[in-house]
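In: prediction below, plus the sequence it came from.
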Amino acid sequence: MADNKQNMSYQAGQATGQTKEKASGMMDRAKDAGASAQESVQQTGQQMKEKAQGAADVVKDKTGMNKNT
């Protein structure tokens, strides 16, 4: 009977350890995905900013408001 309890306890411990390891792996993947998404959004934002600045410069050039020329 004691051997059976010890075996069940051991198996429960193994299952708990495996569950924690899987959860840790999932958290790492979620963290990596979040960081990747943040980087993508930042790059997109930078591209949009550059395009908007370019469009503003074109309008300034066409209207004679660009003081750099």
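Out: Alright, I've got the coordinates.

In: against Val41, how distant is the residue most central in space within the chain?
Out: In the chain, the residue lying closest to the centroid (C-alpha atoms, centre = their mean) is Gly34, at 1.6 Å. For Gly34, the distance to Val41 (C-beta to C-beta, to the nearest Å) stands at 11 Å. For every residue, glycine as well, the C-beta is placed using N, CA and C.

In: tell me how far Val41 lies from Ala35.
Out: Val41 is 11 Å from Ala35, by C-beta to C-beta.

In: please tell me how far the residue nearest to the centre of the chain sits from Ala2.
Out: Separation of Gly34 from Ala2 (C-beta to C-beta): 47 Å.

In: what of Ala23?
Out: 31 Å.

In: those two - which one has more neighbours?
Out: When neighbours are counted by other C-beta atoms under 10 Å, Ala23 and Ala2 differ, and Ala23 comes out ahead with 10 against 6.

In: now that one: which helix or strand?
Out: Element membership for Ala23 (DSSP states H and E) is helix 2-63.

In: starting at the chain centroid, how far to that helix?
Out: Relative to its chain's centre, helix 2-63 lies at 3 Å (C-alpha atoms, centre = their mean, to the nearest Å).

In: what pLDDT, on average, does it get?
Out: Across helix 2-63, the average pLDDT comes to 95.

In: other SSEs contacting that helix?
Out: Where contact means 3 or more C-beta pairs under 8 Å, 6 or more residues apart in numbering; DSSP states H and E, helix 2-63 is not packed against any helix or strand.

In: what does stretch 9-19 contact?
Out: Residues outside stretch 9-19 that contact it (C-beta atoms under 8 Å, 6 or more residues apart in numbering): none are found.

In: may I have it exported as CSV, CA atoms only?
Out: Extracted as CSV, the C-alpha positions of stretch 9-19 are listed here (Å, rounded to 0.1, in the frame of the first residue of the first chain):
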residue,chain,number,x,y,z
SER,A,9,2.8,10.7,-5.3
TYR,A,10,5.7,10.4,-7.7
GLN,A,11,3.5,10.4,-10.7
ALA,A,12,1.6,13.4,-9.4
GLY,A,13,4.9,15.3,-8.9
GLN,A,14,6.0,14.3,-12.5
ALA,A,15,2.7,15.6,-13.9
THR,A,16,3.0,18.8,-12.0
GLY,A,17,6.5,19.4,-13.2
GLN,A,18,5.6,18.7,-16.8
THR,A,19,2.6,21.0,-16.6
